[in-house]
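Trainee: coords please:
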Amino acid sequence: MTKEFNELGLSDKALAAVEALGYSEPTPVQQQAIPSIIEGRDLIAAAKTGTGKTAAFSLPSLDKLEHARHGQGPLMLVVTPTRELAMQIEEVCRTIAKQTHHHVACIVGGVSYDPQISALDKGTDVLIATPGRLIDLMDRGTARLGQVSTLVLDEADRMLDMGFLPDMRRIVAACPKQRQTLLFSATIDKGIKSNMAHLLNDPVFVEIAHKGETADTVEQYIVAVDHRAKNDLLISLLHEKGGTRIIVFARTRYRVDTCCRKLRRAGFSAEAIHSDRSQNQRKRALDAFASGKCDILVATDVLARGIDVSDVNYVVNLDLPTQAEDYVHRIGRTGRAGESGFAVSFVSPETQSELREIEKLIGKSIPQMEVKSFDSQANEEALAAKATRQAANKDPELADAAKEYASQQKRRKQRDQQKDGNDQNRKPKAQQEKSKKKASAPNENRTASPSGSKNKASSPSSELRPGRAQRARREQQHKRTAGQSGAARNKGRAGGNNNR
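Mentor: The predicted structure is shown next:
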């Protein structure tokens, strides 16, 4: 039987906050969690993404929370894995705090310490924090958790996946033993039970969603595509299905940035969110998307749970996630709060195993979608070529045939290169012979003298610049002439002496 908010034990201030948040009726997780939290019970809750978990713990907790004195607190601590989630929880808590008159502070990494330290020094009732920055401020002696009466561990399974278990143990150990602990997770699995169940005292279990369960309002499709053609397929899909209010998930930071550049060149408004972006850049991207200034948000898998915006038309998995559970969280960004949506996943031959794991987790096969504006023939040819290469790697005979073919192509290429080299070598020789013929042509021309004898015509250069042989002959002739003249002078001198 569905209950109204005023039947869950909330005060008038909290009901005014409900109206400010825009809720008309409670979601299943809110119906089951709120009364137990008001009673002061510890709680472990699992629910589908987008079912109002934040309001499920913040409404009753702030409703019964006392107020800290100046310079004291926090009295309520919310720990969550990502900066985006922390800021979104802060937004919900501030809306409620306007009615309950509590002070709210948020500390996350990627921004300056000074404003956060100042907020803690002034005192706060509610503190929302990411584990890493909270541990830093605890080490500095600025964040003191000795007055915490309500501890909330949000997205606990994700914090385990991200390796925050040691930090979470330190944080829990710094809080008083007498406290209320609320643990919210997408699913309750063995990891949650073995690592965190002992942190709670006789908790109430609220399980709205089981592992691998997806929202009924989200239709799911796949498109087979070669890895290299994914960005082209995405552009075709956006033209065909609409290019506004879309979230695209890619596996790596490089893939996110590359996808953003290609979308912008295609005329779409796109922003990137990944761990290399600064906190201000990520916040501006989320704000632009939430306000409608940006049409497409491209994000890495680590932020699959940190994006909580309404009216997302559909989600595209440019790359399938490595963990099947992350698929559930990705597609949960659409079809939230009873709205309808759909998710399209691009599947390349390399990610067939990931697809099988996802279908095993969700318990059903995902149907194929046809993108009519995409060049399917060229895509199929690329897929066939890649499948042939993969089969060749597994089949020895095909592999040998492929090697032989590659060897033949290599030998043919070498022969062609050798033939081209020989042609190039013959060409200079022919040019040299042609030049010699041109040089000897003037020496063959002869002109008849008036006496009828034929004289060789000499070129001006040969007269001005005689060769070595010509100079040698002239020098010998000069020596002979000089010798003969000297002999004649000596003979004349001898005759003169005889006459004397």
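
Trainee: now the helices for the stretch 201-350 of the chain?
Mentor: Using DSSP state H, counting those that start in this stretch, the helices found in the stretch 201-350 of the chain span residues 230-241, 253-265, 279-291, 324-331.

Trainee: which one of the ones you listed is the most hemmed in?
Mentor: Counting by mean count of other Cβ atoms under 10 Å, helix 324-331 has the highest mean neighbour count of the helices of the stretch 201-350 of the chain, with a mean of 24. For the C-beta atoms, the positions are set from N, CA and C on the backbone; glycine is no exception.

Trainee: Which strands or helices does that one pack on?
Mentor: strand 314-317, strand 341-347, helix 352-362 (3 or more Cβ pairs under 8 Å, 6 or more residues apart in numbering; DSSP states H and E).

Trainee: after the helix or strand hosting residue 167 comes which helix or strand?
Mentor: If you go by DSSP states H and E, residue 167 is part of helix 165-174. Going down the chain from helix 165-174, the next helix or strand is strand 180-185, by DSSP H and E.

Trainee: quick one: that next one to chain centroid distance?
Mentor: Relative to its parent chain, strand 180-185 has a centroid offset of 33 Å by Cα atoms, centre = their mean, to the nearest Å.

Trainee: list the helices and strands the next helix or strand after it packs on?
Mentor: Next in sequence after strand 180-185, counting helices and strands by DSSP H and E, comes helix 190-196. Applying 3+ Cβ pairs under 8 Å, 6+ apart, one finds that helix 190-196 contacts helix 156-161, strand 180-185.

Trainee: what angle do the helix holding residue 167 and strand 180-185 make?
Mentor: Here the directions of helix 165-174 and strand 180-185 differ by 160 degrees (axes from the mean of the first three to the mean of the last three Cα atoms, to 10 degrees).

Trainee: Show me what counts as buried in helix 165-174.
Mentor: Residues of helix 165-174 classed as buried by neighbour count (16 or more other Cβ atoms under 10 Å): 165, 167, 168, 171, 172, 174.

Trainee: avg pLDDT for it?
Mentor: Per-residue pLDDT over helix 165-174 has a mean of 92.

Trainee: Contacts made by it with the rest, please.
Mentor: 77, 79, 131-132, 134-135, 138, 145-146, 151, 153, 159, 181, 195-196, 199 (Cβ atoms under 8 Å, 6 or more residues apart in numbering).

Trainee: Ranking by neighbours, what's the top pick from those residues?
Mentor: Among those, the one with the most neighbours (other Cβ atoms under 10 Å) is residue 153, at 28 neighbours.

Trainee: That one touches residue 175, doesn't it?
Mentor: No. Checked against Cβ atoms under 8 Å, the pair residue 153 and residue 175 is beyond contact range at 10.9 Å.

Trainee: Check the separation of the first and last residues in stretch 10-27.
Mentor: Terminal residues of stretch 10-27 are spaced 15 Å apart (Cα to Cα, to the nearest Å).

Trainee: Next: stretch 5-21.
Mentor: This stretch, stretch 5-21, spans 12 Å end to end (Cα to Cα).

Trainee: ok, now stretch 269-281?
Mentor: Stretch 269-281: ends 15 Å apart by Cα to Cα.

Trainee: List the buried residues in it.
Mentor: 270, 271, 272, 273, 274, 277.

Trainee: Could you export these to CSV, including columns for pLDDT and distance to residue 21?
Mentor: Shown next, in CSV, are these (pLDDT from 0 to 100; distance: Cβ to Cβ, whole Å):
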residue, pLDDT, distance to residue 21
270, 95, 30
271, 94, 26
272, 93, 30
273, 90, 25
274, 87, 30
277, 85, 29
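
Trainee: Throw those into CSV and include distance to residue 386, thanks.
Mentor: As requested, those are exported to CSV (distance: Cβ to Cβ, whole Å):
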residue, distance to residue 386
270, 28
271, 32
272, 28
273, 31
274, 28
277, 33
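
Trainee: And the helices and strands packed on helix 190-196: which comes nearest residue 16?
Mentor: strand 180-185 (22.6 Å; Cβ to Cβ).

Trainee: Quick one: low-confidence residue ranges for the stretch 201-350 of the chain.
Mentor: Counting by pLDDT under 70, the stretch 201-350 of the chain contains low-confidence ranges at 209-213, 215, 302-308, 337-338.

Trainee: quick one: average pLDDT of stretch 77-91?
Mentor: The model assigns stretch 77-91 a mean pLDDT of 92.

Trainee: Could you do stretch 96-110 as well?
Mentor: Stretch 96-110 shows a mean pLDDT of 95.

Trainee: Quote the end-to-end distance of it.
Mentor: Start-to-end, stretch 96-110 (Cα to Cα) is 26 Å.

Trainee: buried stuff in that stretch?
Mentor: Neighbour-count burial for stretch 96-110 flags 96-97, 99-100, 102-110 (criterion: 16+ other Cβ under 10 Å).

Trainee: quick one on the thing from earlier: now render the helices of the stretch 201-350 of the chain as TSV, adding distance to residue 342.
Mentor: Below are the helices of the stretch 201-350 of the chain laid out as TSV (distance: least, Cβ to Cβ, whole Å):
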stretch	distance to residue 342
helix 230-241	9
helix 253-265	19
helix 279-291	18
helix 324-331	9
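
Trainee: of all these, which lies closest to residue 360?
Mentor: Residue 360 sits nearest to helix 324-331 of all the helices of the stretch 201-350 of the chain, at 7.3 Å, using Cβ to Cβ.

Trainee: Tell me what angle that closest one forms with strand 341-347.
Mentor: Relative orientation of helix 324-331 and strand 341-347, computed by the same axes, to 10 degrees: 140 degrees.

Trainee: CA atoms only for helix 324-331, dumped as CSV, please.
Mentor: This file holds the C-alpha atoms of helix 324-331, laid out as CSV (Å, rounded to 0.1, in the frame of the first residue of the first chain):
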residue,chain,number,x,y,z
ALA,A,324,29.1,-5.6,-15.8
GLU,A,325,27.7,-3.9,-12.8
ASP,A,326,28.8,-0.5,-14.1
TYR,A,327,26.5,-1.1,-17.1
VAL,A,328,23.5,-1.0,-14.7
HIS,A,329,24.6,2.3,-13.2
ARG,A,330,25.4,3.9,-16.6
ILE,A,331,22.0,3.2,-18.1
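
Trainee: Measure how far it is from the centre of its chain, please.
Mentor: With Cα atoms, centre = their mean, you get 18 Å for helix 324-331.

Trainee: and what of stretch 389-408?
Mentor: Stretch 389-408 has its C-alpha centroid displaced from the chain centroid by 34 Å (Cα atoms, centre = their mean).

Trainee: Let the chain start at 786 from now.
Mentor: Yep, numbering from 786; the last one is stretch 1174-1193 now.

Trainee: Residues touching that stretch, excluding its own?
Mentor: 1134, 1173.

Trainee: tell me which of the buried residues of stretch 881-895 is nearest to residue 797?
Mentor: residue 884 (8.8 Å).

Trainee: Right, I'll leave it there.
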